[in-house]
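Asks: sequence-free structure coming up:
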């Protein structure tokens, strides 16, 4: 079996552990420490931010415009509308800025 | 068996009620499934591998991160660790949903946790909060269409992705940062959101410049989480127990 195959299998097992793990752990404890809870609450924003921030280093005008529009639309719209708005601005800006 | 027949007919309408609720999620996730398939092939996956990853991992953001790192020839264990890191939020969902589905048979619970995605958790939690029981048929109705469409559209994207001629002009290389920014913004009403985002952004950029990819993800994430741990819990909206 290829390396890719094992990456997928291991990734699937790791993912399933996160989906069942919280239940398995919490069903053993009566209380979670508030600081642990606070840390877990911060996980999504903390992880996802790291996937965007370094991209800013290489971003040109088209990329910046797309991100600004995405953030602006997110204040009113859902995930779908902000994604489409950001993508539309990016594609348009690249046609003219390239 | 008589009770089975009764619960099955009730289960059937519960199932379709779940299916109706799944439709917005099916529509909203479609472009990302196709995008994943296209990017996976672009980063060196075969169509079958793209299909398998969607079917077995079934976590959009983590799949995107996984194939992005795969394309950069990062060590396999780091790719798996990154997938784990991105999916770590599910630990919270799992902890929260456990008490809602504890009455199911163990096999059904095991399957229920497998399809525990962000919208699955949000909609199921909302149903439980409104005082209704989260039954297996309803939960499966909510989750199954999303799964089937996700896997199918991933495979279609993997096949169709080869036909996309100029990925730069179509912006495909930068769609992921836009998508992830959208996800980050989606959590903006959480307490401490801005300080966590700023801490993670600064730490990840510094780590990206010094240590390099993909460590910037873990280092940046740890910075944001540590900030929330170190600050007094009331800043995070977590009530301290007496």
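Replies: Looks like it arrived, so ask away. As the structure is a computational prediction, the values presented were derived from the model and not from experiment.
Asks: Can you classify residue B:103 by secondary structure?
Replies: coil (DSSP: H, G, I helix; E, B strand; the rest coil).
Asks: Please list all residues in contact with it.
Replies: The neighbourhood of residue B:103, defined by C-beta atoms under 8 Å, 6 or more residues apart in numbering or on different chains, contains no residues. From N, CA and C alone the C-beta is placed, and that goes for glycine too.
Asks: Report the separation between it and residue B:225.
Replies: Using C-beta to C-beta, to the nearest Å, one obtains 33 Å as the distance from residue B:103 to residue B:225.
Asks: Where does the record place the domain boundaries for chain B?
Replies: Under automatic domain parsing, the residue ranges defining each domain of chain B are B:2-186, B:187-242.
Asks: Report the buried residues of the host helix or strand of residue B:144.
Replies: Assigned by DSSP states H and E, residue B:144 falls within helix B:136-160. If you call a residue buried by 16 or more other C-beta atoms under 10 Å in any protein chain shown, then helix B:136-160 has these buried ones: B:136-147, B:149-158.
Asks: What of stretch B:101-113?
Replies: Buried-residue list, stretch B:101-113, by 16+ other C-beta under 10 Å: B:101, B:104, B:108, B:109, B:111, B:112, B:113.
Asks: can you check stretch B:77-88 too?
Replies: B:78, B:79, B:80, B:81, B:82, B:83, B:84, B:85, B:86, B:87, B:88.
Asks: Would you convert those into a markdown table that also reports distance to residue A:35?
Replies: Compiled in a markdown table, the buried residues of stretch B:77-88 are given as follows (distance: C-beta to C-beta, whole Å):
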| residue | distance to residue A:35 |
| --- | --- |
| B:78 | 28 |
| B:79 | 30 |
| B:80 | 28 |
| B:81 | 24 |
| B:82 | 25 |
| B:83 | 26 |
| B:84 | 22 |
| B:85 | 20 |
| B:86 | 23 |
| B:87 | 22 |
| B:88 | 17 |
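Asks: Of the residues you listed, which ones also sit close to chain A?
Replies: Among these, the ones lying close to chain A by the criterion of C-beta under 8 Å from any C-beta of the partner chain are B:79, B:80, B:81, B:83, B:84, B:85, B:86, B:87, B:88.
Asks: The closest residue to residue B:62 other than its chain neighbours: what secondary structure?
Replies: Counting by C-beta to C-beta, 6 or more residues apart in numbering or on different chains, residue B:62 lies nearest to residue B:86, which is 4.1 Å off, once chain neighbours are set aside. Classification of residue B:86 into helix, strand or coil gives helix, according to three-state DSSP.
Asks: Please verify my assumption that residue B:28 contacts residue A:82.
Replies: No. Under the criterion of C-beta atoms under 8 Å, residue B:28 makes no contact with residue A:82, lying 11.2 Å away.
Asks: Flag the shaky bits of chain B, pLDDT-wise.
Replies: Judged by pLDDT under 70, chain B has its weakly predicted residues at B:1-10, B:164-168, B:172, B:213-214, B:238-242.
Asks: I'd like the distance between the most centrally placed residue in it and residue B:19.
Replies: Against the mean C-alpha coordinate of chain B, by C-alpha atoms, centre = their mean, the closest residue is residue B:59 at 4.2 Å. Between residue B:59 and residue B:19 the distance, using C-beta to C-beta, works out to 21 Å.
Asks: Also residue A:35?
Replies: On the measure of C-beta to C-beta, residue A:35 and residue B:19 end up 41 Å apart.
Asks: thought residue A:49 was touching residue B:200?
Replies: Yes. With contact defined as C-beta under 8 Å, residue A:49 and residue B:200 form a contacting pair (4.0 Å).
Asks: can you list residues touching both of these two?
Replies: Counting by C-beta under 8 Å, 6+ apart, the contacts common to residue A:49 and residue B:200 are B:220, B:224.
Asks: excluding its backbone neighbours, what's nearest residue B:124?
Replies: With C-beta to C-beta, 6+ apart as the measure, residue B:134 is the residue that lies nearest to residue B:124, at 5.3 Å, once sequence neighbours are left out.
Asks: what about residue 26, how many neighbours?
Replies: Chain wasn't specified; assuming chain A. 18 (other C-beta atoms under 10 Å in any protein chain shown).
Asks: Hmm, no, I was thinking of chain B.
Replies: The number of residues near residue B:26, taken as other C-beta under 10 Å, comes to 18.
Asks: Which of the helices or strands spans it?
Replies: Taking DSSP H and E as the definition, residue B:26 sits inside helix B:2-42.
Asks: any residue of that helix up close to chain A?
Replies: Yes. Contact of helix B:2-42 with chain A (C-beta under 8 Å from any C-beta) involves B:27, B:28, B:31.
Asks: Which parts of the helix or strand bottoming out on mean pLDDT in chain A count as buried, going by neighbours?
Replies: Lowest on mean pLDDT, DSSP states H and E among the helices and strands of chain A sits helix A:34-52, with a mean of 78. Neighbour-count burial for helix A:34-52, counted by 16+ other C-beta under 10 Å, picks out A:34-35, A:37-52.
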